[in-house]
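J.: return atomic coordinates for the entry below.
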Amino acid sequence: MIENRIRRIISFVSPTLIPILFIIFWELFARKVGNNAVIPQVTTVAKHFININEDVIGIGSIPKNILYSLVRVFIGYALAIIAGLPLGLLMGYSRRVKGAFNLFISLFQPVPAIAWRPLVLGWFGVTSIATLFNLDYGPAYAIMDNFKLSMIFLIFLSAFFPIWGNTMFGVSNVQEVLVESAQVLGASKKDIFFHILLPGAGPNIINGLKSGLTASWSCLVAAEMLPGSMSGLGYLISHAYELTRMDLIVAGIICIGVIGALFDGIYSYISNKYFSWQRLVR
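T.: Residues are numbered from 1 along each chain as shown. You can find the predicted model right below:
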């Protein structure tokens, strides 16, 4: 009984031990350096989260910038799902479709999203959703003008390839014995696709969706450094760098890391809850 309690305490404390030691080391090192332009103290960074609704360097509060970043990411991510998921399913299911598209898409897969920046700026410039839909100047225009097509396209690209690749891999690697057994029992192609291939590829699809969201969130800083950006965590970090505000840079990095970890945790929970059976078939 006592041993079980000790194990529970250790399992609860151990994940927080390294972060606490890191924070202590960070504070001690920052005090020794004594220069916030090099490394800010923990207390200086913490003030931004204590007074989280205050305006920072003239671009709004941290929650406001987080919201703009989340909307940009979710728009690009949603477009990547709409394009990548069906294409991955079709290419995994049909060899003809895979043969037609695989070489062409694979040519662009190794290219990092940030390498597209010059072309994207040439294509879209500073066009936003507001100008795309010809919104009249006003509060709605001021909000929608923050969502530039160039940023959304870069986020879309970064999310597309993990979603497409993992989906195609998952469908094409479903055990053939399952498909053959269903065919023997008289299952149609539609039944095989929806009741065997999709569930069988489920873990890989979820992994692709998770990787795509992580990639799109990681691309955020590069996307928000494009011309025309006036909000978001990426812009906050780049603007704070110009002003030598290392405390704000660290605060922005913490926000990106925490939200990214939250995304990863959500998909891990979904995978463990609905696809725990995959551990039993390895």
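J.: quick check: next helix or strand after the one helix or strand Arg117 maps to?
T.: Using DSSP states H and E, Arg117 maps to helix 117-124. Next helix or strand after helix 117-124 toward the C-terminus (DSSP H and E): helix 129-132.
J.: packing partners of that following helix?
T.: helix 139-144 (3 or more C-beta pairs under 8 Å, 6 or more residues apart in numbering; DSSP states H and E). For glycine as for every other residue, the C-beta is placed from the backbone atoms N, C-alpha and C.
J.: state the mean pLDDT of the helix it packs on.
T.: For helix 139-144, mean pLDDT rounds to 83.
J.: which helices and strands does the helix or strand following that helix pack with?
T.: Downstream of helix 139-144, the next assigned helix or strand under DSSP H and E is helix 149-172. Counting contacts by 3+ C-beta pairs under 8 Å, 6+ apart, helix 149-172 packs against helix 62-93, helix 95-108, helix 117-124, helix 198-218, helix 220-224.
J.: distance between the longest one and the chain's centre?
T.: Same thing as helix 62-93. 8 Å (C-alpha atoms, centre = their mean, to the nearest Å).
J.: ditto for the shortest one
T.: Offset of helix 220-224 from its chain centre (C-alpha atoms, centre = their mean): 12 Å.
J.: which residues are contacting it?
T.: Contact with helix 220-224 is made by 69, 72-73, 113-114, 117, 150-152, 154-155, 229, 231-235, 237-238, 256, as judged by C-beta atoms under 8 Å, 6 or more residues apart in numbering.
J.: change it to 6 Å
T.: 69, 114, 151, 154-155, 232, 234-235 (C-beta atoms under 6 Å, 6 or more residues apart in numbering).
J.: how about low-confidence regions in the stretch 151-282 of the chain?
T.: Low-confidence segments of the stretch 151-282 of the chain, defined by pLDDT under 70: 176, 178-180, 276-282.
J.: what's in contact with stretch 159-176?
T.: Residues contacting stretch 159-176 (C-beta under 6 Å, 6+ apart): 77, 80, 84-85, 87-89, 91-93, 109, 197, 200-201, 204-205, 207-208, 211-212, 215-216.
J.: stretch 8-28 now?
T.: Val42.
J.: buried residues, that stretch. List them.
T.: Trp26 (16 or more other C-beta atoms under 10 Å).
J.: shouldn't Gly228 be within a helix?
T.: No - assigned with DSSP: H, G, I helix; E, B strand; the rest coil, Gly228 falls outside any helix and is coil.
J.: surely it touches Leu149?
T.: No - counting by C-beta atoms under 6 Å, Gly228 sits too far from Leu149 to count as a contact (9.8 Å).
J.: quick one, what contacts Ala37?
T.: Contacts of Ala37 (C-beta under 6 Å, 6+ apart): Thr244.
J.: show the pLDDT at it.
T.: So Ala37 comes in at 78 (pLDDT).
J.: measure it to Tyr93 for me?
T.: 56 Å (C-beta to C-beta, to the nearest Å).
J.: same deal with Arg72?
T.: Counting by C-beta to C-beta - Arg72 and Tyr93 are separated by 32 Å.
J.: the two - which one has more neighbours?
T.: Arg72 (26 against 20; other C-beta atoms under 10 Å).
J.: quick one, what contacts Gly92?
T.: 168, 171-172.
J.: how near is it to Gly200?
T.: For Gly92, the distance to Gly200 - C-beta to C-beta - is 10 Å.
J.: quick check: end-to-end length of stretch 227-234?
T.: Chord length of stretch 227-234, first to last residue, is 12 Å (C-alpha to C-alpha, to the nearest Å).
J.: ok, now which ones touch the residue nearest to Gly76 when sequence neighbours are not counted?
T.: Using C-beta to C-beta, 6 or more residues apart in numbering and skipping residues adjacent in sequence, the residue nearest Gly76 is Ile155, 2.9 Å away. By C-beta under 6 Å, 6+ apart, Ile155 lies in contact with 73, 76, 216, 219, 223.
J.: the second one: how many residues sit nearby?
T.: Residues near Gly76, counting by other C-beta under 10 Å, number 27.
J.: all numbers from here: first residue = 854
T.: OK, 854 is where the count begins now, so the last one is Gly929.
J.: verify the stated contact: it with Phe1009.
T.: Yes - with contact defined as C-beta under 6 Å, Gly929 counts as touching Phe1009 (4.2 Å).
J.: rewinding a little: pick the one among the contacts of Gly945 closest to Ala1104.
T.: Checking those against Ala1104 with C-beta to C-beta, the nearest one is Met1021 at 39.2 Å.
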